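Student: Structural data only, the sequence is not supplied:
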């Protein structure tokens, strides 16, 4: 290994180590004191509940662990948005599991909690796989009720999704393992079946204090909405169990008896290891996000060995379009080529930039994959589309629009991995969050922004200088240097992948060597969802 490889490896591993330390803290939820209090109440923590429920705890894929990070600090924070979401096997069936973390503000719903729950439901709906709710929540966090209650994608959307999933035949099972209050009471009861735990589980539209205030009735919470009440009197719940362990066992038993459904028919053969060791991915990605590299060195460490059939190899070389296999699954890969390439006309083209010929090639390739029922994988390290008179006169806008149109109208499952930069319209063309990838993943040193930090800082600095000059207080060189550094630092913080993950623009930040297993899992769950739509680009046909 040469010195440059060592530098690259250390930079990426350091970024991952720092992220892992943050995640370890997040997974403590509300902290050790609150975990102890939960135990004294006879309840298990959210992550322990999940580990007991799933078939193999070491084969769990967690979504949104960094959600709400560095947010709500004036309210004491909300680690992982106060809810744990994973994809895992339960009784040998892939499921989405949603578990409220009662150590975080008693499981109260913050705005990001609702957003994360909706994302979990979207995954279940898109892939037509069961969703299991482990409910333990005090309801909406009232100080922020104005940010979670009324909008289209706020709290009420969750119950709308409950209803839509029911009509789609998607299995929903809820276990009431703690408080289930007010609007939150609808979530488990709009599920197909509801389990309630004795003594710790309760469900009501209004607790005893509010009942007293509203209608003057004196009643305790257990009599109002406990396990005995809803199992024997109201009939609201379907199964009463003695403790958390029994509730999880009941869910497993129900899932075990569930039949299988037709699949989407995605092709899978025997998996092969990549040509090169996946761990050596750390050596390939440069420490500097502006430094070029050969993207084929990435592909040789991700795809199954000898599975590549490159489409239009010599044309539009700033994008690699190739059929391949990942853990045996047939895929169509669209990846930004980051090295400088020379076109057949002799023109040198910048790596990471999408040119008109590359966009046209990708558009046709996407159409081919849709015709053949092959899932698409986008590997993003893109700075945007080519600019300048030559590009404009060549119709870059039209070529780019066709590619964006093809991505938007693609009906096969799409999976996106941000391995480096994801800037500007390049993010859109390479299937950013707005274009409905089934999973949106990123490597630890990835960046997400409208443009690179240095360019953005220069633009923002010019605006600041113009404003200062207009006000009669021009900025000297020393002040300019300090201001530029301040602007750059502030901008870079917002482009960091941690910020994207906290906003749930990214489903998970993963180690490079985990890329294969995440994509394989994604195709596996997508295979549960047969698609009847036809690919159609409308007026922008190829």
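Tutor: Looks like it arrived, so ask away. If you're wondering where the values come from, they're calculated on a predicted model, not measured in any experiment.
Student: helix or strand for the nearest residue to residue 229 once chain neighbours are set aside, which one?
Tutor: Among residues not flanking residue 229 along the chain, residue 223 sits closest, at 6.4 Å (CB to CB, 6 or more residues apart in numbering). Yep, even glycine has a C-beta here, placed from its N, CA and C like the rest. Using DSSP states H and E, the element containing residue 223 is helix 221-225.
Student: again, but for residue 18
Tutor: Under the criterion of DSSP H and E, residue 18 resides in helix 3-26.
Student: Next: residue 422.
Tutor: strand 414-423.
Student: What's the mean pLDDT across the helix or strand that comes right after that strand?
Tutor: Following strand 414-423 in sequence order, the next helix or strand is helix 424-429 (DSSP H and E). Helix 424-429 comes out with an average pLDDT of 94.
Student: Could you list every helix and strand in contact with helix 424-429?
Tutor: Judged by 3 or more CB pairs under 8 Å, 6 or more residues apart in numbering; DSSP states H and E, the packing partners of helix 424-429 are strand 353-354, strand 376-382, strand 384-385, helix 396-409.
Student: Looking at these, spot the one closest to residue 5.
Tutor: Closest approach to residue 5 among the helices and strands packed on helix 424-429 (CB to CB): strand 376-382, 18.0 Å.
Student: Which neighbouring elements make contact with the closest one?
Tutor: Contacts defined by 3+ CB pairs under 8 Å, 6+ apart place strand 376-382 against strand 329-336, strand 414-423, helix 424-429.
Student: Name every strand pairing with the next helix-or-strand element following the shortest one and say which way it goes.
Tutor: Helices and strands here follow DSSP H and E; after helix 424-429, the next one along the chain is strand 439-442. Partner strands and pairing direction for strand 439-442 (DSSP bridges) are strand 414-423 (parallel), strand 508-509 (parallel).
Student: and the following helix or strand past strand 439-442, what's its mean pLDDT?
Tutor: Remark: after strand 439-442, the chain's next helix or strand is strand 447-449, criterion DSSP H and E. If you average the pLDDT over strand 447-449, you get 91.
Student: All further residue positions should be reported with the first residue as 249.
Tutor: Okay, using 249 as the starting number, the last item reads as strand 695-697.
Student: Residue 575: what's it in contact with?
Tutor: Counting by CB atoms under 8 Å, 6 or more residues apart in numbering, residue 575 touches 519, 552, 764-765, 767-768.
Student: swap in residue 754?
Tutor: 314, 666, 681, 688-690, 696, 745, 748.
Student: would TSV of these with neighbour count and distance to residue 615 be doable?
Tutor: Putting the contacts of residue 754 into TSV (neighbours: other CB atoms under 10 Å; distance: CB to CB, whole Å) gives the following:
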residue	neighbour count	distance to residue 615
314	26	35
666	27	24
681	18	23
688	28	23
689	22	25
690	25	27
696	24	27
745	22	31
748	23	30
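Student: Output the residues you listed in JSON lines; the columns should cover distance to residue 385.
Tutor: Putting these into JSON lines (distance: CB to CB, whole Å) gives the following:
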{"residue": "314", "distance to residue 385": "21"}
{"residue": "666", "distance to residue 385": "32"}
{"residue": "681", "distance to residue 385": "27"}
{"residue": "688", "distance to residue 385": "26"}
{"residue": "689", "distance to residue 385": "28"}
{"residue": "690", "distance to residue 385": "29"}
{"residue": "696", "distance to residue 385": "31"}
{"residue": "745", "distance to residue 385": "29"}
{"residue": "748", "distance to residue 385": "26"}
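Student: from those residues, which single one is nearest residue 496?
Tutor: Of the contacts of residue 754, the one sitting nearest to residue 496 (CB to CB) turns out to be residue 314, at 26.1 Å.
Student: for the stretch 649-790 of the chain, which spans come out with low pLDDT?
Tutor: Residues of the stretch 649-790 of the chain meeting the criterion pLDDT under 70: 700-709, 713, 739, 788-790.
Student: Please report how far residue 564 lies from residue 506.
Tutor: As judged by CB to CB, to the nearest Å, residue 564 and residue 506 stand 46 Å apart.
Student: Show me which of these two is the more surrounded one.
Tutor: Neighbours were counted for residue 564 and for residue 506 using other CB atoms under 10 Å; residue 564 has more, 26 against 14.
Student: so where is the protein shaky, pLDDT-wise?
Tutor: By pLDDT under 70, the low-scoring segments of the chain are 249, 700-709, 713, 739, 788-790.
Student: again, only this time at 80
Tutor: Within the chain, the segments meeting pLDDT under 80 span 249-253, 430-432, 537, 591-594, 699-741, 787-790.
Student: follow-up on the earlier one: quick one: work out the angle between the strand holding residue 670 and helix 644-657.
Tutor: Going by axes from the mean of the first three to the mean of the last three CA atoms, to 10 degrees, strand 662-671 is angled at 140 degrees with respect to helix 644-657.
Student: Could you check strand 662-671 and say which residues are buried?
Tutor: Going by neighbour count (16 or more other CB atoms under 10 Å), the buried part of strand 662-671 is 662-671.
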